[in-house]
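Colleague: any chance you could fold what I've pasted below:
(4 chains)
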Protein chains: 2
Amino acid sequence: MTARPAKKKTATRTPRQPDRPERTDIRTIARLANVSIATVSRTINGVTTVDPKLSKRVWDVVEKLDFVPNTQARALVSGRSKILGLIISEITNPFFPELIQGFEDIAVDNGYEILVSSTNHDPQRMSHCIRRMLERKVEGVAIMTFGIEEPLLDQLAKRKVPMVFIDHGPDRAGISVLKIDYHHGIRQAVQHLAALGHRSIAFVSGPHHLHSAQSRLAAYNKSMQECGIQPLSEQIAEGDHTLEGGGAAMEKLLALNPLPTAVVCSNDLTAIGVLHKLYRTGLKVPDDISVIGFDDIHIAEVMMPPLTTVQMSRADIAKAAFEALRSHVEATDSKPAPREYKVPTQLIVRESTGFPRGTMTHLRKKT
Amino acid sequence: MTARPAKKKTATRTPRQPDRPERTDIRTIARLANVSIATVSRTINGVTTVDPKLSKRVWDVVEKLDFVPNTQARALVSGRSKILGLIISEITNPFFPELIQGFEDIAVDNGYEILVSSTNHDPQRMSHCIRRMLERKVEGVAIMTFGIEEPLLDQLAKRKVPMVFIDHGPDRAGISVLKIDYHHGIRQAVQHLAALGHRSIAFVSGPHHLHSAQSRLAAYNKSMQECGIQPLSEQIAEGDHTLEGGGAAMEKLLALNPLPTAVVCSNDLTAIGVLHKLYRTGLKVPDDISVIGFDDIHIAEVMMPPLTTVQMSRADIAKAAFEALRSHVEATDSKPAPREYKVPTQLIVRESTGFPRGTMTHLRKKT
DNA sequence: CTGAAAGCGCTAACAA
DNA sequence: TTGTTAGCGCTTTCAG
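Modeller: Modelled structure (predicted):
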């Protein structure tokens, strides 16, 4: 017996690397288990019509060799990559890692892999990232990016890749959107403040060009009016959903006279920036001024003081996003995929809100 | 002209979905550009020996049809998936997203995709996650997880998948290790404190079973001795690298009499937990007690007060991890991959450190 | 320099 | 129920 690989088939071509490490493929298993490769495939994929005896033989060999099927090959022939894309704005905003976690968990539980990519609001990165998703043949993409260039979506739409958006997305087939109930949470926030006695409530928005930021701002305006307070344009400062942006916006607000007694922020990072600016200025929260955030990122709870904020559940969003994608992937004519998913929000009262300055003693007497 | 797809090849089998959307593969391009599929492949892959005329014809068609090559097929035949795995402990620790970002950037720039997975310290998740990496045929894995079950690695090692670890990894072929210079940064921290006049410096460690936590603790002990201070075991509290763990550890330290005048923490999350606990207790930082963190996560800068911490660059780690993996993947006998990479650390002084309580006035006079 | 053809590892007809 | 076989879309010999 020589070392020459005795290929059964026409070995007219190169036999590849002769010293190639023992590759274990479905064929090897078949040979060792004395069945056909089809049986191996069926066994591994849990087809129930396989004779238990054969199936056991197959499993034994699979375990003995630690066989792991090649997903690439599987995807190629079945046409299903079992990969879902997840595009986010910036991974450094703690909101997103929490979302990724949730999405990954549910996807993996359902046999999908995820391809995450953050765009940092850079259109070129975005474009590159869509290209990568296309190359890897993702079966769907969750675009959790608070704003996107429409033309890029055509790339995906043209190839009929299902998509889910947050807040706002093109109204086309295969596209779902997660409707966040901004108004509910923000109304609770404003009402909470109003109930405490605040009338001068400022707002630090996100970037005006983002839909999600606009929705939050609109919710603030509406809620103010519902409380019988006319929102003042000078009390609305534009931030950019970052720590630094929050600080800068608060700085502008600080120039106001009289100073607002409370400020609601478009997200938690902004609120933390605000808190920090206030700390720098020497103003006490909540004694001098109350602050409310939005998102309820984990760290909000350990701020000094712990941040009152509107919670938007990452787990809910992740779950809804996954379900939306899945229902498209598995959609049939008789069971079309729903277009909209509701995501609730809810105020979490902690310690960054209190009575407006000057009224505390007064109100305390009442209690 | 009927709608019947006129297949050239033997159509003895099912012609798939007859209404399948116009798939654009390399063959379509070849037909339209009037060249062979081999030429299309060569053109797309930038083989220089292709006649410019043909190559232009190919590119024109590619652009016209928006052709995107199928990575799965490519991977299957070439044996190179161009996927790198990245395993982290918990994505909710802000340290990791920043690392992911850096790793993704450099990987994508070099034509790799990354498969991220967080284990949450759960061995079962870890096992599942390695399995997934194997299935997707990753070309290398960065295990940035501060502690791992050795047996699981065999799965990867057996298949000769290159790996990089942080701090500490098995000493085998194909495995590199990123040596973080904990001692440098922590010595700077302790010296900074000692220079300020502190002699009673506590330490909140990470979980004792993690190598990285032990290394940090060892660095603290050594640095203390270098400053002529004998570390006291009661001044060392075990945390778990989370916000909550930091708070709990500080609580234990608070029972000490006398109270330490400073506390060094094994990571920033821990330090923030400590800061929060101190805030709850009414102790002022740094007037009553100084606090130092480790990692320099972004948010450290806006704590109240801004956290003095030891910086460990995510970008450096990401870059080193990628280089380590790449050098293995592309290793030749003449150019073997290096086994170790150094990662520097450095103290960033902010405002959570000051003179020990009671000495402030005294020292101020001097200045 | 170009094209024909042999698979990569697997699934899914279809035949037995 | 099991086995045989034709590809999935691409890269890569090898012959021309």
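
Colleague: so A:Leu86 sits in a strand?
Modeller: Yes - the assignment for A:Leu86 by DSSP: H, G, I helix; E, B strand; the rest coil puts it in a strand.

Colleague: what's A:Leu193 sitting at in phi/psi?
Modeller: phi -70, psi -50 (degrees, to the nearest 10).

Colleague: which strand residues bridge the closest residue to it other than its chain neighbours?
Modeller: The shortest distance from A:Leu193 to any non-neighbouring residue, by C-beta to C-beta, 6 or more residues apart in numbering or on different chains, is to A:Ala262 (4.9 Å). (C-beta placed from N, C-alpha, C; glycine too.) Note on A:Ala262: beta-bridge partners by DSSP bridges are A:Ile201, A:Ser290.

Colleague: does A:Ala262 touch A:Asp287 like I think?
Modeller: No - when contacts are counted by C-beta atoms under 8 Å, A:Ala262 is not listed as touching A:Asp287 (12.0 Å).

Colleague: these two - which one has more neighbours?
Modeller: Counted by other C-beta atoms under 10 Å in any protein chain shown, A:Ala262 and A:Asp287 do not tie: A:Ala262 has more neighbours, with 28 against 13.

Colleague: could you give the mean pLDDT of stretch A:72-82?
Modeller: Regarding stretch A:72-82, the rounded mean pLDDT is 94.

Colleague: stretch A:325-341 too?
Modeller: Averaging pLDDT residue by residue across stretch A:325-341 gives 80.

Colleague: ends of that stretch, how far apart?
Modeller: 11 Å (C-alpha to C-alpha, to the nearest Å).

Colleague: give the buried residues for that stretch.
Modeller: By neighbour count on 16 or more other C-beta atoms under 10 Å in any protein chain shown, the buried set for stretch A:325-341 is A:Leu325, A:Arg326, A:Ser327, A:His328, A:Val329, A:Ala337, A:Tyr341.

Colleague: show me where pLDDT drops low in the stretch 151-300 of chain A?
Modeller: For the stretch 151-300 of chain A, applying pLDDT under 70 flags no range at all.

Colleague: ranges for the helices of it?
Modeller: Counting by DSSP state H, counting those that start in this stretch, one finds helices in the stretch 151-300 of chain A at the ranges A:182-196, A:211-226, A:243-254, A:268-281.

Colleague: specify the angle between the third one and helix A:268-281 in degrees.
Modeller: Direction vectors for helix A:243-254 and helix A:268-281, defined by axes from the mean of the first three to the mean of the last three C-alpha atoms, to 10 degrees, enclose an angle of 50 degrees.

Colleague: got the buried residues for helix A:243-254?
Modeller: A:Leu243, A:Glu244, A:Gly245, A:Gly246, A:Gly247, A:Ala248, A:Ala249, A:Met250, A:Leu253, A:Leu254.

Colleague: of those residues, closest to DNA strand C?
Modeller: A:Leu243 (47.5 Å; C-beta to the nearest atom of the strand).

Colleague: so what sits opposite A:Val310 in the bridge?
Modeller: Under the criterion used (DSSP bridges), A:Val310 bridges to A:Phe294, A:Leu347.

Colleague: what's around it, how many residues?
Modeller: 27.

Colleague: just list the residues touching it, thanks.
Modeller: Going by C-beta atoms under 8 Å, 6 or more residues apart in numbering or on different chains, A:Val310 touches A:185-186, A:188-189, A:292-296, A:345-348.

Colleague: closest to B:Glu238 among the residues you listed?
Modeller: Taking C-beta to C-beta as the measure, B:Glu238 lies nearest A:Asp296 of these, at 28.7 Å.

Colleague: give the contact list for that closest one.
Modeller: A:Asp268, A:Thr309, A:Val310, A:Gln311, A:Met312, A:Ile348.

Colleague: ok, of those, which one's closest to chain B?
Modeller: A:Asp268 (10.5 Å; C-beta to the nearest C-beta).

Colleague: related to what we said a few turns ago, out of the helices of the stretch 151-300 of chain A, flag the one nearest DNA strand D.
Modeller: Across those, closest to DNA strand D is helix A:211-226 (C-beta to the nearest atom of the strand), at 35.2 Å.

Colleague: quick one: the closest one to helix A:182-196, angle?
Modeller: Going by the same axes, to 10 degrees, helix A:211-226 makes 40 degrees with helix A:182-196.

Colleague: what helices and strands are in contact with helix A:211-226?
Modeller: Applying 3 or more C-beta pairs under 8 Å, 6 or more residues apart in numbering or on different chains; DSSP states H and E, we find helix A:211-226 packed against helix A:182-196, strand A:201-205.

Colleague: adding mean neighbour count and distance to A:Gln124, write the ones you listed out as JSON lines.
Modeller: Below are the helices and strands packed on helix A:211-226 laid out as JSON lines (neighbours: other C-beta atoms under 10 Å in any protein chain shown; distance: least, C-beta to C-beta, whole Å):
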{"stretch": "helix A:182-196", "mean neighbour count": "21", "distance to A:Gln124": "30"}
{"stretch": "strand A:201-205", "mean neighbour count": "27", "distance to A:Gln124": "26"}
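
Colleague: excluding residues flanking it in the chain, which one is nearest the spatially most central residue of chain A?
Modeller: Nearest to the mean C-alpha position of chain A, by C-alpha atoms, centre = their mean, lies A:Leu99 at 4.1 Å. Excluding the flanking residues, the one nearest A:Leu99 by C-beta to C-beta, 6+ apart is A:Arg314, at 4.5 Å.

Colleague: distance of the one you found from DNA strand C?
Modeller: Note on A:Arg314: its distance to DNA strand C, by C-beta to the nearest atom of the strand, to the nearest Å, is 33 Å.

Colleague: go on, A:Met304?
Modeller: 55 Å.

Colleague: which SS state does that residue fall under?
Modeller: coil.

Colleague: what are the neighbouring residues in contact with the residue nearest to it when sequence neighbours are not counted?
Modeller: In space, A:Met304 comes closest to B:Tyr279 once its chain neighbours are excluded; the distance is 4.4 Å by C-beta to C-beta, 6+ apart. For B:Tyr279, the contact set (C-beta under 8 Å, 6+ apart) comprises A:Met304, A:Pro305, B:Val285.
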